[in-house]
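Trainee: kindly return the folded structure for what I paste below:
(chains A, B and C)
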Amino acid sequence: MLKTFKLGGVHPPENKLSADKEIQVLPLPKSVFIPVAQHIGAPATPTVKRGDEVKVGQVIAKSSSFVSTNIHSSVSGKVKKVDFSEDSSGYPKQGVFIDVAGDEWIDEIDRSEELAREFDIDGAEIIKKIQEAGIVGLGGATFPTHVKLVPPKGMKAEVLLINGVECEPYLTSDHRLMLEKADEILVGIQLLMKALNVEKAVIGIENNKPNAIQLLSEKTKNYKGILVQPLKVKYPQGGEKQLIKAVTGKEVPSGGLPIAVGAVVSNVGTAFAVYEAVQKNKPLFERVVTITGKGVSQPSNFKVRIGTSTSELVESAGGLPESTGKVISGGPMMGRAIASLEVPVTKGTSGILIMKEEESKRKDYIACIRCSRCVSVCPMGLEPYLLMTLSQKQIFDRAENDRVMDCIECGSCSYTCPSDRPLLDYIRFGKGKVGQIIRSKKK
Amino acid sequence: MSKLLIVSPSPHVHSDDSTQKIMYRVVLAMIPALAWSVFVFGLDALRVTIIAVLACLAFEFLIQKYLIKVKPTVTDGSALITGILLAFNVPSNIPWWIIVIGSLAAIGIGKLSFGGLGHNIFNPALVGRVFMLISFPVQMTSWPVNRQSGIDAVTSATPLGIIKEGISNGTPISEISQSLPSTFELFWGGIGGSLGEISAVLLVIGGLYMLYKKVITWHIPVSILATVGVIAGIFWMVNPAIYINPLYHILTGGLMLGAIFMATDMVSSPMNPKGQVIYGVGIGVITISIRLFGAYPEGISFAILIMNAVTPLINYYVKPVRFGGK
Amino acid sequence: MSITVIYTIATLSVIGTSAAVILFFVAQKFKVNEDPRIDQVEEVLPSANCGGCGFAGCRAFAEACVKNGELADLYCPVGGNETMNTVASILGLEAVKKDPRVAFIRCNGTCDHRPKTSHFDGATTCAIASSVYSGESDCQYGCLGYGDCYDACDFDAIDLREGMGVPLILDDKCVACGACVDACPKDLIELRKKFPKDRKVVVACRNEDKGGVARKACSTACIGCGKCQKECKFDAITIENNLAYIDSDKCKLCRKCPPVCPTNAILELNFPPRKIKKEEKEECNTAK
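Mentor: The predicted structure is shown next:
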């Protein structure tokens, strides 16, 4: 019996064009732009200045508070400048520009490809290593992992959930990683289990990746306490709360954290990064990125150094098609459209999706016919039609009562609306405003 | 690059569903019942339908274009549905000008005065029907006899009308039912009545198609039919001498039509399953109350209109099941 | 027949009378004693209910005036000094005097000044567009042009100028309620001192980028060169974050600064034309 979450959900066409393309290493770029804010929390503080020589893996920006991470150089070369440039948020952000020269790594990194299975290290040290390596949630949320591994006082993690769902259409980076680095991921999971002091870990994988389910089920026999749970294909199963519900049947209370039901969720990519950080001393400076789209001549999966510009990635996948209308950093449901190809790959970039012009244009929206589909697909049990109206009319107290803050911005409502209404656009706006009001009340 | 990249908030994909498609699916679901009524009542039925549809489309276009001066939305299919539903609710021998007046009431008062598609509180077709029923009671309640029963162009009362009159004269049910069509006749449509209400089975087929295409959910029709069935059943069990059996109630009159096509109108029904069940039960209770105790033999249209008015209240108080409790 | 009529009239009369009696007693019981001056104050207020005073409406403002005991922090921008004086005389208090103000959009990045570098296709409000990215041009500070200010304005004082990219505030209708100031997500709108004949000299730019970057994004951007500051004899101009700002309370409308601006970022509006020819200046503000 396949498990899934109960409320709502949609099933957009999967379009996993690059599912059988092996991960290739992208050639080194000529220059990179590495933003200092690639995670949720305070931006890191740059520690290099113009003219400095840097090596691969060297810290170039230091974590500035507990909820923050280190940023490492992904290339070797000379710092051109520390300046502002646009990242996928659409706004100029501070970052380090480096001109690439050679490929010289810092000595601490173990560059061998051998699997390092055994470890003799205690939990606190694992967390410390993760923090130093600058690891964040690689599923796209980019929440610093070391923060997640330290539960708030009085709470105890019981189970570690590993997100191998990849419910976003088109994206295949996690899928490929599971197929090619299964053992490394499993060791990474064991490290995370040790850090959290839990006995049990469950890897949730959607049923559209039978080869990954099979391979990992086979391998987990050699790893104590790790299970694979096949899940029915349904978006947004990769959402933290939805995954917990699907696997454990527990619902995270409104406004609560997953730890409230004893769960910690991590992505397979994160598990792999943890393995590399702890066993190979390799900080997070590269990741797997899917480049795909219906017009792209070679949809592929690349291992990319952080800071590489989108245009380099696009070139390696056969160039930007003539028919391009939109370039999205991330998946089609939650990704951000970018305005320029100079936007760099960051820790949170799971894919670059190139959409054809005819796919990219929204239709003009018409009146709500109150078909209630948005209500039935909302995985959080909200009423998107109402929240949109309340946000539009700026009735924020009612929006708060109707739990606008619970919205996970999955986009199922906008996806499904037959009148093409921009439900999520307005709800996101309302959510922002209500958040501001709540914060100002607390003060 | 010469072309500018398009930027928009997520999501960047959209299901291929559209309001227009939903509307045309509803129209498709009504075709079997429409075809049957043409077969039964002849070209008259077609005449009524065409007049109603054309009048609805024309009023929608004219009022939007010249009176409220907005871009006409005739093509979205909603006026088409209103037209067909309006035709479903009248006898086939009704004069054309009554249909036109009814269409004006439906589109003008029922729909556009509230702001057009999506804003109307009441089901427009029902507003039209009730307007006609109250203004022209004679023409609206003299039905031609079903051609299947052999005699053409003679007016007769509907089964519910016969029961109502019989009971008020003190005739016991056993005697009345001799002049009534059998349950089976009701089911496949061998009775007299308005265009769309004569064949329960074809309406159910249309309903199943809409369920399959996810145009409607089961909550509203099932809760209406179940409520009517249960309440009628209780009365029947208490005193079968003056109350007819519940199956008869379910299959007669516009109940099927109302439960499947009118009450499920998206615009005027509640927005979540819990609310929809409350709405359905409310319609059922009011319908059966009117049928058993009211002056009219048939009550579904009033029941739906009353519950339409309650819908905003239901939407306000009845919230969907939230993730994370509370 | 006639008996029916009599009965009807009698019944109605009885119902009507008893209802009146009940209403009378209920009204007596629940009567709220309000200061009659609240009504008087409300009477002289403009009844625009715009919220420009910071209260929910004119009634709330009137209550505040009466209850507060002094008028130091209370000011109705719509009614201005005249209204406040009347209010003060009703209450026997002292009114504060304020210079009349008028809103101004500090951006002149119309389509011909600011090349488009992307195309926005979301819900067309400034708030949403600005949450997605910095805007359709390379200037991250400039006007988005979707008219959140236009929607916020209760006085029809904003001309959306469809197709131009930047709305225009109509000085004669603007009452300086400040609704648009709050509505603008880019924080472009400022309430400036209102000069006779609506004349003003103002830097129509908010771009804090370095000169080169700003200039590349918009041909009429302020590049923070400081020439205007040197020209100003009244210390009205400050330069901060590569951006010049003219304080309207210090500006004397001497018109020395606009000619020296290399990017025409300083606008002089509603002045008679200069004797010396200055054609390119004109085209920026003949939009009306």
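Trainee: SS state for the residue lying closest to B:Thr141 once chain neighbours are set aside?
Mentor: Once flanking residues are discounted, B:Thr141 sits nearest to B:Gly161: 7.3 Å by C-beta to C-beta, 6 or more residues apart in numbering or on different chains. For every residue, glycine as well, the C-beta is placed using N, CA and C. Assigned by DSSP: H, G, I helix; E, B strand; the rest coil, the conformation of B:Gly161 is helix.
Trainee: my read: B:Gly161 touches B:Ala295, true?
Mentor: No. Counting by C-beta atoms under 8 Å, B:Ala295 is not a contact partner of B:Gly161; they are 11.9 Å apart.
Trainee: what about the two, which has more around it?
Mentor: Between B:Gly161 and B:Ala295, counting by other C-beta atoms under 10 Å in any protein chain shown, B:Gly161 is the more crowded of the two (19 against 8).
Trainee: name the element A:Met178 belongs to?
Mentor: When elements are assigned from DSSP states H and E, A:Met178 belongs to helix A:173-180.
Trainee: average pLDDT for that helix?
Mentor: For helix A:173-180, mean pLDDT is 94.
Trainee: name the helices or strands packed onto that helix?
Mentor: Under the contact criterion of 3 or more C-beta pairs under 8 Å, 6 or more residues apart in numbering or on different chains; DSSP states H and E, helix A:173-180 touches strand A:23-25, strand A:159-164, helix A:210-220, helix A:268-279, strand A:286-292.
Trainee: need the next SSE after the shortest one, C-terminal direction.
Mentor: So that's strand A:23-25. Past strand A:23-25, the next helix or strand by DSSP H and E is strand A:31-35.
Trainee: what kind of secondary structure is the nearest residue to C:Asp156 once chain neighbours are set aside in?
Mentor: Once flanking residues are discounted, C:Asp156 sits nearest to C:Lys173: 5.9 Å by C-beta to C-beta, 6+ apart. Following three-state DSSP, we place C:Lys173 in the coil state.
Trainee: pull the contacting residues for C:Lys173.
Mentor: Each residue near C:Lys173 by C-beta atoms under 8 Å, 6 or more residues apart in numbering or on different chains is listed here: C:155-157.
Trainee: try C:Glu268
Mentor: The contact partners of C:Glu268, by C-beta under 8 Å, 6+ apart, come to C:199-201, C:255, C:258, C:281.
Trainee: direction included, what does the strand or helix carrying it pair up with?
Mentor: Taking DSSP H and E as the definition, C:Glu268 sits inside strand C:266-269. Here strand C:266-269 is paired, per DSSP bridges, with strand C:200-203 (antiparallel).
Trainee: and stretch C:160-180, end to end?
Mentor: 13 Å (C-alpha to C-alpha, to the nearest Å).
Trainee: what parts of chain A come near chain C?
Mentor: Residues of chain A found near chain C (C-beta under 8 Å from any C-beta of the partner chain) are A:86, A:89-92, A:336-337, A:339-340, A:360-362, A:422, A:425-426, A:428-429, A:432.
Trainee: the stretch 1-150 of chain C: helices as residue ranges?
Mentor: C:2-29, C:36-44, C:58-68, C:80-91, C:126-132, C:148-152 (DSSP state H, counting those that start in this stretch).
Trainee: domains for chain A, by residue range?
Mentor: A:1-27+A:107-361, A:373-442 (automatic domain parsing).
Trainee: an error on my part: the question was meant for chain C.
Mentor: Split by automatic domain parsing, chain C gives C:36-91, C:101-283.
Trainee: redo those domains as a markdown table? Include distance to A:Ile40 and mean pLDDT.
Mentor: As requested, the domains of chain C are exported to a markdown table (distance: least, C-beta to C-beta, whole Å; pLDDT from 0 to 100):
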| stretch | distance to A:Ile40 | mean pLDDT |
| --- | --- | --- |
| domain C:36-91 | 35 | 85 |
| domain C:101-283 | 16 | 87 |
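Trainee: what about C:Gly135, distance to chain A?
Mentor: Going from C:Gly135 to chain A by C-beta to the nearest C-beta, to the nearest Å gives 8 Å.
Trainee: number of residues surrounding the closest residue to that residue other than its chain neighbours?
Mentor: Sequence neighbours aside, C:Leu144 is the residue nearest to C:Gly135 in space, at 5.3 Å (criterion: C-beta to C-beta, 6+ apart). Neighbour count of C:Leu144, defined by other C-beta under 10 Å: 26.
Trainee: who are the contact partners of C:Leu144?
Mentor: C:126, C:129-130, C:135-136, C:185-186.
Trainee: for A:Gly102, give me its contacts.
Mentor: If a contact means C-beta under 8 Å, 6+ apart, then A:Gly102 has A:76-77 as its contacts.
Trainee: swap in A:Ser85?
Mentor: A:33, A:35, A:92-93, A:95, A:97, A:342, A:344.
Trainee: using the three-state scheme, assign the most centrally placed residue in chain A.
Mentor: The centroid of chain A falls nearest to A:Gly140 when counting by C-alpha atoms, centre = their mean (1.6 Å). Taking three-state DSSP as the rule, one finds A:Gly140 in the coil state.
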